[in-house]
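Engineer: With the input below, show me the fold.
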Amino acid sequence: MDSYGSSDKSRLMAQVKQEAAMNNARQLIEKVNEHCFEKCVPRPGSSLSSGESACFTQCMEKYMAAWNVVSRSYINRIQQEQGKAGAGAGAGGMF
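Structural biologist: Residues are numbered from 1 along each chain as shown. Just a heads-up that it's a prediction; the model follows:
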């Protein structure tokens with residue numbers, strides 16, 4: 001493949017990664033809102049009470065921290081598996 005094709009492939013891969021990251025962020029926000037709102041706001045009104053607001057903030061912080069731990073573990077595992085597959089397959093790879 002010539003350098004132009006390789007450049008197109010790299011740009012496409014970067015775009016796919018960026019779109020996947022945006023989708024993951026969107027899903028995270030939706031899940032945080034869904035989970036924390038249900039937990040912290042038993043009777044929705046026109047505004048949050050100070051207790052509801054504090055609960056929502058703490059819930060979001062805990063949810064995000066847990067998500068970060070899971071994400072790091074997942075990324076590490078994928079990198080380890082790619083390293084093992086790359087070592088066993090030579091110069092190959094997924095892309």
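
Engineer: The host helix or strand of Asn33: which residues count as buried?
Structural biologist: Asn33 belongs to helix 3-40 when assigned by DSSP states H and E. Of the residues in helix 3-40, those buried by neighbour count under the rule 16 or more other Cβ atoms under 10 Å are Val32, Cys36, Cys40. Quick note: C-beta positions are derived from backbone N, CA and C, even for glycine.

Engineer: Now render those as CSV, adding pLDDT and distance to Gln82.
Structural biologist: What follows is the buried residues of helix 3-40, written out as CSV (pLDDT from 0 to 100; distance: Cβ to Cβ, whole Å):
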residue, pLDDT, distance to Gln82
Val32, 89, 29
Cys36, 93, 34
Cys40, 94, 40
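
Engineer: Local confidence estimate at the spatially most central residue of the chain?
Structural biologist: In the chain, the residue lying closest to the centroid (Cα atoms, centre = their mean) is Asn24, at 4.1 Å. Here, the pLDDT recorded for Asn24 equals 85.

Engineer: What of Trp67?
Structural biologist: Model confidence at Trp67 (pLDDT) stands at 87.

Engineer: Assess the claim that it and Gln27 are in contact.
Structural biologist: No - the criterion here is Cβ atoms under 8 Å, and Trp67 misses it with Gln27 at 9.9 Å.

Engineer: elements contacting the longest helix seen in the chain?
Structural biologist: Ranked by residue count, the top helix of the chain under DSSP state H comes out as helix 50-89. Secondary-structure packing of helix 50-89 (3 or more Cβ pairs under 8 Å, 6 or more residues apart in numbering; DSSP states H and E): helix 3-40.

Engineer: Output the contacting helices and strands for the helix it packs on.
Structural biologist: Packing partners of helix 3-40 (3+ Cβ pairs under 8 Å, 6+ apart): helix 50-89.

Engineer: roughly how far out does the helix it packs on sit from the chain middle?
Structural biologist: Relative to its chain's centre, helix 50-89 lies at 7 Å (Cα atoms, centre = their mean, to the nearest Å).

Engineer: Tell me which residues of that helix come out buried.
Structural biologist: Using 16+ other Cβ under 10 Å as the test for burial, helix 50-89 gives Glu52, Cys55, Phe56, Cys59, Met60, Tyr63.
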